[in-house]
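S.K.: Quick one, structure for this:
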Amino acid sequence: MRVVQIWLCILCVAPFWLSGCGSSFAAVAVSDAAAPDPLPTHRPSTQHPAPSPTPTRTPTPTAPRPLPSPTPRPPHAQPTVAYHEPDQPPLTLNERHTLFRDVWQTINQHYIYADFDGLDWPAIWSEYLPRITAARSDQEFYDLMGAMVQRLDDQHSRFLPPDAAVAETILRSGHAEQVGIGVITRPASDGVMIQQVIEGSPAQQAGLQRRDRIVAIDGIPMIAGGEINGQAGTPVRLTVVRSKGTAQGIEQREVVLIRQPVQGRITPYAQRLPHDVGYLSIPTLWINDMHEQVNGVLNDLVVERPLRGLVLDLRGNPGGWRDVLHGVLGHFVQGNAGFFFDRNGIRAMTIRDLRRPDLRDVPLVVLVDRETASYAEVLAAILQAEANAYVIGVPTAGNTETIYAYELQHGTRLWVAQEGFRLRNGTELEGVGVQPDEMLDVDWTLYGDMNDPQMLAALRHLGVTLDDD
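M.R.: Sure thing, here's the model as predicted:
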């Protein structure tokens, strides 16, 4: 089987409410590994031979990438995308067997852990072969394939049916369409927090702002369920909570918005704070040009005069593409930044291109939380080790394996965890995460920018207090 591989490190995938990595392509030849048990003989009416234990088909590879989640799920969530029967004949049993075999063998040959981290992978073949043979529909077959890959339990590897693969590809650029109010959100303890308000959307027209929290929909608490999106022209009543700046307390109000078709794009957020301190929030590294967007906002921050400090906010960032990681790091470090390793050896991670603005001499604070994951963790760890960044928050997710994409038959896609990462000093992040220099465990989603305890700690470390201004 021949595949195209894509480098990616992201913790999970979830749908947009708008609603876990650099990518680099390397064509490789994958030798066929023998399956532990032969596939059952099945001869359709045309009397074509049944598939043998050694694959004879070569899927045609393409190289689409997945897309980000502006509403990241908790670290152990898995993507949920319903499969819809396409306008094509259902898979034959031979086709199911071939796809099952290719998925099993690809993992068997390329999975990062040769011992499958204690999982008896040959036994998985024996367990799932009769189940996929007995599947009564393509939906059930694809569900079983997904469940089989999830048995690896690494929170990275996954199998996507055709519809889910198409959805990832569409979302990859960070553009998405919805019928809703035009916000990008992330979970909060009492609902969802708005990360971004789309320009021209009903939410913007109603005065909703970044870091507002939506705690109820039509009077029903968000934690009990509720749907912001819906049919165009229908009203939705939101209960919105806003922190009162630097003072204690909150304000709560209800707004009624009319759902409309909305188009938007995930972007970084930046602002210049008192005493020439910059603030940059990067919500994900899974937008294929996020590093270029970051480059643009950093240049905007320094166009007037240089920065005396920078707060880089990676809280809730689930990771993304390796070239995005490289692009962001290029503002802060140069040269060898660590090592990737897999079954075949070790490769240095080298940042060759120094990007402007050059921020290597700017004091840097990085904010992280438990949902900072994958290449976002790698970013924070490298900045801590190589750029003398001061990290504030709590230990990150500790899930830093790099996954590779395999484009298989019938539009399906397999992601396989194949690489680990360690810093130049030998530190590995998997299962451990980035350890903050200053531990500050608070629910930061309950605050605004200027009374966020972690943000205030970052400013204090940079020698700034709000009373100074």
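
S.K.: Just give the closest residue to Pro453, not the sequence neighbours.
M.R.: Take Pro453 and drop its neighbours on the chain: the residue closest to it by C-beta to C-beta, 6 or more residues apart in numbering is Val442, 4.8 Å away. Backbone N, C-alpha and C define where each C-beta goes, glycine included.

S.K.: let me redo that: Asp218
M.R.: Arg237 is the one closest to Asp218 (C-beta to C-beta, 6+ apart), at 5.0 Å.

S.K.: now swap in Ala188 and tell me
M.R.: Nearest one to Ala188, counting by C-beta to C-beta, 6+ apart, is Thr445 at 3.9 Å.

S.K.: same check, this time on Leu152
M.R.: Leu119 (6.5 Å).

S.K.: May I have the beta-bridge partners of the residue nearest to Asp218?
M.R.: Listed by DSSP bridges, the beta-bridge partners for Arg237 are Val256.

S.K.: for the one 5 residues further on, same thing?
M.R.: In this structure, Arg242 bridges to Glu251 when assessed by DSSP bridges.

S.K.: Which residues lie in contact with it in this structure?
M.R.: 209, 211-213, 250-253, 448 (C-beta atoms under 8 Å, 6 or more residues apart in numbering).

S.K.: that older thread, kindly state the pLDDT recorded for the residue nearest to Leu152?
M.R.: We have a pLDDT of 96 for Leu119.

S.K.: quick one: it from Arg151, how far?
M.R.: Relative to Arg151, Leu119 is positioned 6 Å away (C-beta to C-beta, to the nearest Å).

S.K.: Which neighbours do the two have in common?
M.R.: Common neighbours of Leu119 and Arg151 (C-beta under 8 Å, 6+ apart) do not exist.

S.K.: sorry, back to before: what subset of the contacts of Arg242 is buried?
M.R.: 211-213, 448 (16 or more other C-beta atoms under 10 Å).

S.K.: in the lengthiest helix in the chain, what's buried?
M.R.: Once the chain is assigned using DSSP state H, the helix that runs over the most residues is helix 93-110. Of all the residues in helix 93-110, those buried under the rule 16+ other C-beta under 10 Å are 93-108, 110.

S.K.: and what of stretch 352-360?
M.R.: Under 16+ other C-beta under 10 Å, the buried positions of stretch 352-360 are 355, 357, 359.

S.K.: For the second one, list the residues it contacts.
M.R.: In other words, Pro357. Neighbours of Pro357 in contact, by C-beta under 8 Å, 6+ apart: 298-299, 301-302, 331.

S.K.: just these now: which is nearest Phe339?
M.R.: His331 (21.5 Å; C-beta to C-beta).

S.K.: doesn't Arg355 make contact with the closest one?
M.R.: Yes - contact criterion C-beta atoms under 8 Å: His331 and Arg355 qualify, at 5.0 Å.

S.K.: the bottom helix or strand of this protein by mean pLDDT?
M.R.: Lowest by mean pLDDT, DSSP states H and E among the helices and strands of the chain is strand 25-29, with a mean of 26.

S.K.: Contact partners for Pro90?
M.R.: 137-138.

S.K.: from here on, count from 32
M.R.: Noted, 32 is the first residue going forward, which turns the last one into Pro121.

S.K.: got the phi/psi numbers for it?
M.R.: Main-chain torsions, Pro121, degrees, to the nearest 10: phi -60, psi 160.

S.K.: That one and Ile215, how far apart?
M.R.: Pro121 is 37 Å from Ile215, by C-beta to C-beta.

S.K.: on that earlier part again, would you mind listing the residues touching both of His362 and Arg386?
M.R.: With C-beta under 8 Å, 6+ apart as the test, His362 and Arg386 both reach Asn326.

S.K.: Which strands or helices does the helix or strand hosting Ala154 pack on?
M.R.: Take DSSP states H and E as the rule and Ala154 turns out to sit in helix 152-165. The helices and strands touching helix 152-165, judged by 3 or more C-beta pairs under 8 Å, 6 or more residues apart in numbering; DSSP states H and E, are helix 124-141, helix 169-181.

S.K.: Verify the contact between Val447 and Phe190 for me.
M.R.: No - assessed by C-beta under 8 Å, Val447 is found out of contact with Phe190, at 9.6 Å.

S.K.: where in the protein is pLDDT low?
M.R.: Where the chain drops to pLDDT under 70, the residues are 32-119, 202-208, 255-256, 276-279, 497-500.

S.K.: Show me it divided up by domain.
M.R.: As given by automatic domain parsing, the domain ranges for the chain are 33-202, 207-296, 300-430+452-499.

S.K.: which residues in the stretch 382-500 of the chain form helices?
M.R.: Counting by DSSP state H, counting those that start in this stretch, the stretch 382-500 of the chain has helices at residues 406-417, 484-492.

S.K.: and the residue nearest to Asp249, how many neighbours?
M.R.: With neighbours defined by other C-beta atoms under 10 Å, the count for Arg268 comes to 13.

S.K.: Could you check how far Gln236 is from Gly222?
M.R.: 21 Å.

S.K.: who has more neighbours, these two?
M.R.: The neighbour comparison of Gln236 against Gly222 (other C-beta under 10 Å) goes to Gly222, with 21 against 14.

S.K.: Verify the stated contact: the more buried one with Arg244.
M.R.: Yes - in this structure Gly222 lies within contact range of Arg244 using C-beta under 8 Å: 5.4 Å.
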